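Trainee: Sequence and predicted model, in that order:
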Amino acid sequence: MSRNHARGSARKDVVDSLTKLHQSLQGIDARPGAFDAKLAEYVFVPISQVLRASRTVPVRALELCLECISVLLRTGWGGGLAPELAGQLLILFTFMAKPSSAENGIEATSEELRKAAFICISQLLTELSHTSQGRQFLVATSNIPALGEAVLVTLDSLTEDVPNAVKIEALSAVMALVSAIEDRDALASFLPRIISSLTKLLTPGSKNRAGFRVLERGLETLSLLFPRILSDRETKKLPAKASQDESQNKVSRTSSWLQATASQIKIALSHILKLRSHSKIEVRRALLELCLIVIRDCRASLVECISMVVETMVTLVGSGESQDRIEHDLRALVRSDSAVAGLLKESLHSWIISLPRLMQSKDDIGRRQIIQQVSVALRLLNEDQNMVVDILADNLRSGVSNIMNDAKGLLVESATSTTIGTELSLSNARSTSFQPLKLRLKGQDTMMGEFKLLLQELSKSDAARTVAQDLIESADTGTSEAQLASFWISINLLRDMMTYNPAIDDFLDIGTANMQAELLDDLYSRALVRLTQPHTQSDWHWHFQALALEVVALQATRYKSEFRAELGETLYPVLHQLGSSNPELRNHAITCLNILAESCGYDNASDLVVSNVDYIVNDVGLRLNVGDVAPQAPQVLLMMMRLCGPSLLPYLDDLVGSMFGALERFHGYPKLVELLFAVLRGMAEEGVKAPQLAITGNADETQHQTREKVTDMSDVVDAIKKLREEILNRSDEQEEVPHDSFPHEPWKEDQKGKEEQNPPQDDDNHNPPEQPEPPPPAARTYAILLKISELTQHYLTSSSPTLRTSLLSLLHTTIPALAKHDNSFLPLINTLWPVLLPRLEDPEAYIVSNALDIVALICTHAGNFMKTRVESAWGLFKMLHRRVNRKTDNHSSRSSGKAHGSLHSANLNLNITPLHHDLSTLTLSTPAPSPSSTSLDAFRPELYTDAPTRMIRESFITMLCAVSRHVAVHEELFYELLDMLEPVVARPDVKAALKQRNADAVWLRLWKKSQRAGK
């Protein structure tokens, strides 16, 4: 026990002593020149004693020994290290760096120990490289086995699963080896193993993923290795065959060796260059440095690798930001080295040639990469692009055309529709930037975005004008995909040219032609043709329209307020696209309107449309008058009203007549008729929003009826008193008559004489002058609503149920606003009533329901004006009531006879003797149904009423309530009305409507109903 304790204490003392020694050496290391070789050897003696006892000392002691030796190598020996000692130290360091050293001689190993060993190998090789004697010793025949073992252990650690810190020091040792060996043949002997290990380390996706610092150091190692062995300077004078006196321990570098090595290097670089997509800028910069070394120093020896190296350089620029230092360095190289610029031009030429072919492939990654490469190459070459201008336009068009050809038939289109509902979204009504044209596949959208970047780079050069001119001239030739590609590239290229490379004529008038303006004018004229011509059957027609809208907006942006002169020609074609069934095209049209309004100095799109409404009205009216039955013209009006609101309506008076004229000519086309009336309904919906028509008054003030007073006992007494007074007055007059003889002159002449004595006074002097008829509110808007409502009479008899419903809905919208002017509203009722009544007998239940709602609305607003019309149609109302009850009674076991009895007050004999209170204090308490009966009724199918009957019944009840409230029909008809409503008389709304006419009759009916329920 004491022996073990003493042994542990000794081990601890060794570690403590080595720690103090290391600290002292570090202090001396801070003072250059304080150490010499003799002192270093003196310090090394006790350290060597510890190393000899490596089997018994702790691993921490070995780590401290190596750290102390590292300080001695760096400061003490200073190039004075004996070769024999250097050889022993190399063997020692190699042994300590092995992962199996713990099994062969030391107590244990650790990652820190291996790291310290690689540091010592690196410093040892560096010290040996400082003297010629040391450099000779490294490649001496006696040292080759030890050196080979050290290199092997170091390279193996690069592919092992060890920490990144160990790999970094191992790479430092390899770099020190490459720098220390002067003999190129000896270094070439290690080349295959070095390249193999570094390729495994640097290949993305390997099992042992290395950190970015390890990758950076590995690329730096290759950058150091290639110039020393494979540079054109080193390989320029290689012999064709090896000499006979060459050592067997070294490789003989010959021309055949170079060819074989170059092919292997090409394979290795093909894997290593995949690091171009690495996320860390440090790795990309190290890779760029390697590529530059291959191009500058190994252009002839590694000629087979030049193309992929140039491709990698361009990709490295594209993966960074526009102001990345990689791009700056590469641009400087291209400008300073004409050979590199020539290589880049050749690569660009080959990329442009292969662009259409790659666009036809299914490799999305490859297609995006070629677009990116062309874009970056154009940016790097900048003004030196003349050699590719001739082929660039054709190949760009072919590339974009191939992408669009792949997407043909896969476009996201909405279902074809002839109408645009009121729910049309205008969420992007304030947008002033166009959304990219969408293709079905996400990868295609990404490639189109890459093409836009390419065009941005092309627009910065003078070659862009020539390319744009070629594309514009070919915009109307070829297949639809080729035309669309030319159109798309032209508009995007011109837009980028105006942004990134504006012409000097935009700022100074020097009297020369403005090439950009001429190109834009040419494209603008072609865009107008696309907007105004009928749609073709091509799958791409809406893309042409959308791009044409972008051209119009670009032209307006260029000319600003001067573009107002063009609005007469362009505004309607733009608005015409608002009637498209494609939402993408409608959004494009709205964005174009916003840009036009902003460029021309209008506050918004609504102000633009209203200010130029005469152009639009003329175009739409002309199309309707000449028989253009395309749905877009009416839908333009509908969309304009959605954008502008009621302020636009006064300008559309003439169009209402044109629309009804079109209805007269094309009334046999139900879809067109429905579309036109949908537009008229939209006009009505917007018209009623006018401030003067939107004012709602007190409901009691809108009733146009004079109530007939219900006769009660007090009225009878007053009548008898009045009759008695009249009899007494007549008797007094007879007594006052004088009993003279009969007159001898005619009474007429006598009356004439009296009139001459007492001439009558002129009533005109006393009657107040008649007040002029007040005009309707919002006169012009009111006139349009009135005209639309009047013309509906001709189409309420249409065979289309949808159209009849649309017309009734239109009337439901306009009647409340038209009712604000009686002198116009009442004649409208007289016009519509004869065609409205037959709708109560319509075979479609929802039309009957809508017609009843319209009758109720008219009664509400016309009041007592409807009295005679309601009374004359009472038989039709009773028939409709029997129709509803007949369908209901077919499913019910209850008899409806009780609901049709006459309740005239003269035939009633009621015994109310037990009542001790006034009638006004009587209340009705309807007995609640028992739970058992309620639950049973819920499962009785005979009580079910079908939906059409229920719909008509609810509208019929609403209509009768409106008649009771607002129309003073005769008493007999009111009691019949009360009979019809008896099943629902207890409903609060029905009860309130009936009580407004005759509260006593309602109370009596409720009381009798409760009595029957009590039995």
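Mentor: In hand now; what should we look at? Residues are numbered from 1 along each chain as shown.

Trainee: How is the residue positioned nearest the centre of the chain assigned, secondary-structure-wise?
Mentor: With distances taken as C-alpha atoms, centre = their mean, the residue of the chain nearest its centroid is Gln435 (8.0 Å). Classification of Gln435 using DSSP: H, G, I helix; E, B strand; the rest coil returns coil.

Trainee: Assess the claim that it and Asn587 are in contact.
Mentor: Yes: assessed by C-beta atoms under 8 Å, Gln435 is found in contact with Asn587 at 6.6 Å. To be clear about C-beta, it is placed using only N, CA and C from the backbone, and glycine gets the same treatment.

Trainee: on that earlier part again, so what's the residue nearest to the centre of the chain up against?
Mentor: Gln435 makes contact with 584, 587-588, 591, according to C-beta atoms under 8 Å, 6 or more residues apart in numbering.

Trainee: what pLDDT does it get?
Mentor: Model confidence at Gln435, given as pLDDT, is 83.

Trainee: cool, Ser849 as well?
Mentor: According to the per-residue confidence, Ser849 scores 91 in pLDDT.

Trainee: got it, and Leu155?
Mentor: The predicted local confidence for Leu155 is 91.

Trainee: That one: which element?
Mentor: In this assignment (DSSP states H and E), Leu155 forms part of helix 144-159.

Trainee: Would you mind giving the domain segments of the protein?
Mentor: Each structural domain of the chain that the record assigns through the TED database is listed here as a residue range: 337-405+431-502, 513-601, 849-891+942-1014.

Trainee: and of the ones you listed, who's closest to Ala146?
Mentor: With respect to Ala146, and counting by C-beta to C-beta, the nearest of the domains of the chain is domain 337-405+431-502 at 42.7 Å.

Trainee: can you give me how far the closest one is from the chain middle?
Mentor: Computed by C-alpha atoms, centre = their mean, to the nearest Å, the chain-centroid distance of domain 337-405+431-502 equals 25 Å.

Trainee: now the end-to-end length of that domain.
Mentor: 30 Å (C-alpha to C-alpha, to the nearest Å).

Trainee: and what of stretch 620-637?
Mentor: First-to-last residue span, stretch 620-637, C-alpha to C-alpha: 8 Å.

Trainee: Hmm, Met313 is touching Glu289, no?
Mentor: No: the pair formed by Met313 and Glu289 falls short of the contact definition of C-beta under 8 Å, at 10.5 Å.

Trainee: The two: which is more packed in?
Mentor: The residue with more neighbours, out of Met313 and Glu289, is Met313; 31 against 17, by other C-beta atoms under 10 Å.

Trainee: Please identify the buried residues of the helix or strand following the helix holding Leu155?
Mentor: Taking DSSP H and E as the definition, the helix or strand that follows helix 144-159 towards the C-terminus is helix 164-180. Within helix 164-180, the residues that count as buried by 16 or more other C-beta atoms under 10 Å are 164-178, 180.

Trainee: do the same with stretch 140-156
Mentor: Applying a neighbour-count criterion of 16+ other C-beta under 10 Å, one finds 143-144, 146-147, 150-151, 153-156 buried in stretch 140-156.

Trainee: Assign a three-state SS to Lys689, would you?
Mentor: When the structure is reduced to helix, strand and coil (three-state DSSP), Lys689 reads as coil.

Trainee: if I pick it, what's in contact with it?
Mentor: Contacts were defined as C-beta under 8 Å, 6+ apart; by that measure Lys689 touches 645-646.

Trainee: any chance you could map the strands in this protein?
Mentor: For the chain, none of the segments meets the definition of strands by DSSP state E.

Trainee: would you list every one of the helices in the stretch 151-300 of the chain?
Mentor: In the stretch 151-300 of the chain, the segments counted as helices under DSSP state H, counting those that start in this stretch are 164-180, 184-202, 212-229, 232-235, 255-272, 281-297.

Trainee: Please state the offset of the first one from the chain centre?
Mentor: Shown here is helix 164-180, whose average C-alpha point lies 53 Å from the average C-alpha point of the whole chain (C-alpha atoms, centre = their mean).

Trainee: Mind giving me the packing neighbours of it?
Mentor: Using 3 or more C-beta pairs under 8 Å, 6 or more residues apart in numbering; DSSP states H and E as the contact criterion, the elements in contact with helix 164-180 are helix 111-128, helix 132-138, helix 144-159, helix 184-202, helix 212-229.

Trainee: winner for burial among these?
Mentor: Sort these by mean neighbour count, taking mean count of other C-beta atoms under 10 Å, and helix 111-128 sits at the top with a mean of 24.

Trainee: any idea which of the buried residues of stretch 140-156 is closest to Ala468?
Mentor: Closest to Ala468, out of all of those and judged by C-beta to C-beta, is Leu155, at 56.0 Å.

Trainee: Which pLDDT value goes with Ser895?
Mentor: The pLDDT attached to Ser895 in the predicted structure is 38.

Trainee: returning to what we had before: can you put the helices of the stretch 151-300 of the chain in a markdown table and add distance to Pro99 and mean pLDDT?
Mentor: Output for those, formatted as a markdown table (distance: least, C-beta to C-beta, whole Å; pLDDT from 0 to 100):
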| stretch | distance to Pro99 | mean pLDDT |
| --- | --- | --- |
| helix 164-180 | 10 | 91 |
| helix 184-202 | 16 | 90 |
| helix 212-229 | 18 | 93 |
| helix 232-235 | 35 | 88 |
| helix 255-272 | 26 | 91 |
| helix 281-297 | 27 | 89 |
